[in-house]
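In: Let's see this in three dimensions:
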Amino acid sequence: MKHIITTERIPIKLWLGDIEEGAMLQARNVANLPFAFKHIAIMPDSHEGYGMPIGGVLATTDTVVPNAVGVDIGCGMCAMKTSLDNIPRDALKKVMSGIRELVPLGFKHHEKKQDMALMPATNHLPLNGIVYREFENARRQIGTLGGGNHFIEIQCGSDGHIWIMVHSGSRNIGLKVAEHYNGLARALNDKYYSGVEKSKNLAFLPCDTEAARDYFTEMQYCIDFAFANRKLMMNNIALVLADQLGKDFVKLEFVNIAHNYARWENHFNTPVVVHRKGATSARAGETGIVPGSQGTQSYIVRGKGNTESFQSCSHGAGRIMGRKQAQKNLNLDNEIARLNQAGIIHSIRSQKDLDEAPGAYKNIDKVMEDQQDLVEILVTLLPVAVIKG
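Out: The predicted model follows:
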């Protein structure tokens with residue numbers, strides 16, 4: 001931990017030395033919520049979000065805040081360790097082409113609905129809820145990457161193995177659930193004259209309301225869908241690897257972790273709802289994933305169970321530039337040269353791609369240094385090929 005701010009209703013504990021003004025303002029807003037518990041934890045990758053900063057951890061008593069989870073509910077990472085120790089460059093290019101054929105990217109969906117067996121069970125969901133309304137559309141979206149900072153990456157591990165990493169979320173179904181329940185929260189807060197200002201974008205649902213119970217149920221479905229989405233992509237990537245590399249390819253290990261969700265946990269001998277928005281669980285002994293930016297290393301980590309962070313850690317490197325700012329200010333030739341020099345097959349082709357260039361992100365080495373009390377590094381992963389959404 002780097003700093004503690006004590007000027008608000010509850011303390012703000014920071015795992016970074018420098019935080020942008022917008023993110024700091026949001027952290028103060030969260031710390032002044034009447035139901036915020038103990039302190040707010042801000043991870044080293046933190047930057048401004050919507051309502052709550054990305055890289056923020058909020059514990060609450062008997063309330064849930066949809067915007068403290070975010071619109072891509074269940075977004076997260078999975079990583080697969082393979083038996084391969086290398087992939088020849090000519091085979092690697094064929095693998096990348098094969099992945100693009102099986103995994104729709106960006107706004108693309110599958111032309112046909114995917115098998116029902118791939119979808120999470122819909123038991124106990126509200127019959128008039130968002131999941132049932134969006135379910136058939138979601139069958140075309142499962143196994144698709146999406147856009148923004150979502151990626152598929154082939155990596156070389158410090159353990160001598162090739163790893164595959166996927167970053168993706170709950171696609172449109174998560175967005176619709178988030179928007180619906182944030183709307184309900186805003187209406188409820190207006191109706192009962194909540195002291196939480198609407199402009200803060202932190203509307204809440206008391207946990208004893210039907211809306212909150214439905215949100216928890218549908219949020220969990222989105223978390224399960226996001227995992228199923230990543231798992232299907234990983235299975236299709238494995239098919240490509242097996243096709244190109246034959247019997248040399250075997251799956252050895254699989255890690256999955258989400259970084260946008262809320263769940264009931266016990267901290268400081270109190271049951272609380274822990275919201276992690278761009279933060280991951282890092283309980284003692286728990287295996288996690290901290291990705292870098294395109295072109296920099298990522299990490300398989302083990303949690304230390306630090307109680308001061310509500311047993312959490314960063315979800316990645318974190319942005320230092322907004323998307324439009326990066327597209328305007330970064331030098332295309334320099335960013336391409338940086339990736340080419342590292343021998344990485346990458347996805348930067350034009351100025352518009354610079355929103356996901358390494359220069360738009362924080363130094364992942366510094367992020368890891370700042371959270372040494374939260375996680376220990378198990379495996380360092382160097383990128384060899386990247387597909388962006």
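In: can we go C-alpha only for contacts and neighbour counts from here?
Out: Noted.
In: count of neighbours near residue 21?
Out: 11 (other Cα atoms under 10 Å).
In: shouldn't residue 112 be in contact with residue 140?
Out: Yes: counting by Cα atoms under 8 Å, residue 112 does reach residue 140; the two are 6.2 Å apart.
In: more crowded one of the two?
Out: Set residue 112 next to residue 140 and count neighbours by other Cα under 10 Å: residue 140 wins out with 17 against 9.
In: tell me which element that one is part of?
Out: Element membership for residue 140 (DSSP states H and E) is helix 130-141.
In: And residue 235, by the same measure?
Out: helix 210-245.
In: Report the inter-axis angle for that helix versus helix 130-141.
Out: Relative orientation of helix 210-245 and helix 130-141, computed by axes from the mean of the first three to the mean of the last three Cα atoms, to 10 degrees: 10 degrees.
In: quick one: pLDDT of the spatially closest residue to residue 268 that is not a sequence neighbour?
Out: In this structure, residue 268 finds its nearest non-sequential neighbour in residue 307, 8.0 Å apart by Cα to Cα, 6 or more residues apart in numbering. pLDDT recorded at residue 307 is 98.
In: isn't residue 307 right up against residue 266?
Out: No: with contact defined as Cα under 8 Å, residue 307 does not reach residue 266; the gap is 10.5 Å.
In: Wait, residue 233 touches residue 103, no?
Out: Yes: contact criterion Cα under 8 Å: residue 233 and residue 103 qualify, at 6.4 Å.
In: what is in contact with these two at once?
Out: Taking Cα atoms under 8 Å, 6 or more residues apart in numbering as the contact rule, residue 233 and residue 103 both touch 143, 144, 145.
In: Give me the buried positions along the helix holding residue 140.
Out: Buried residues in helix 130-141, counting neighbours by 16 or more other Cα atoms under 10 Å, are found at 130, 131, 132, 138, 139, 140, 141.
In: Show me the two of the residues you listed that sit farthest apart.
Out: 130 and 140 (16.3 Å; Cα to Cα).
In: okay, how far is it across stretch 280-299, tip to tip?
Out: 13 Å (Cα to Cα, to the nearest Å).
In: Closest to residue 47 out of the buried residues of helix 130-141?
Out: residue 141 (28.6 Å).
In: measure that closest one to residue 118 for me?
Out: 11 Å.
In: any chance you could map the helices in the stretch 151-300 of the chain?
Out: Using DSSP state H, counting those that start in this stretch, the helices of the stretch 151-300 of the chain run over 171-191, 210-245.
In: So which of these is the most surrounded?
Out: helix 210-245 (a mean of 21; mean count of other Cα atoms under 10 Å).
In: In terms of secondary structure, what does that helix contact?
Out: Helix 210-245 is packed against strand 76-82, helix 89-102, helix 130-141, strand 162-168, helix 171-191, strand 205-206, strand 251-258, with contacts defined by 3 or more Cα pairs under 8 Å, 6 or more residues apart in numbering; DSSP states H and E.
In: Save the helices of the stretch 151-300 of the chain as CSV, and put in distance to residue 366 and mean pLDDT too.
Out: Output for the helices of the stretch 151-300 of the chain, formatted as CSV (distance: least, Cα to Cα, whole Å; pLDDT from 0 to 100):
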stretch, distance to residue 366, mean pLDDT
helix 171-191, 31, 97
helix 210-245, 28, 96
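In: Tell me which of those approaches residue 156 most closely.
Out: Using Cα to Cα and comparing the helices of the stretch 151-300 of the chain, the one that lies nearest residue 156 is helix 210-245, at 14.8 Å.
In: distance between the ends of stretch 202-219?
Out: End-to-end for stretch 202-219, by Cα to Cα: 17 Å.
In: Check stretch 196-206 too.
Out: Terminal-residue distance, stretch 196-206 (Cα to Cα): 13 Å.
In: which residues are contacting that stretch?
Out: With contacts defined as Cα under 8 Å, 6+ apart, stretch 196-206 is touched by 26, 29-30, 33, 50-52, 62-68, 182, 185-186, 188-189, 211-212.
In: If we go by neighbour counts, what in that stretch is buried?
Out: Applying 16+ other Cα under 10 Å to stretch 196-206 flags 196, 201, 202, 203, 204, 205, 206 as buried.
In: distance of the second one from residue 302?
Out: Yep, that's residue 201 we're talking about. According to Cα to Cα, residue 201 and residue 302 sit 33 Å apart.
In: What of the fifth one?
Out: In this view, residue 204 and residue 302 are 32 Å apart by Cα to Cα.
In: And the last one, by the same measure?
Out: Distance from residue 206 to residue 302, counting by Cα to Cα: 34 Å.
In: Which one of the helices of the stretch 151-300 of the chain lies nearest to residue 275?
Out: helix 210-245 (11.8 Å).
In: that older thread, out of the buried residues of stretch 196-206, who's nearest residue 371?
Out: Using Cα to Cα, these come closest to residue 371 at residue 202, 27.0 Å.
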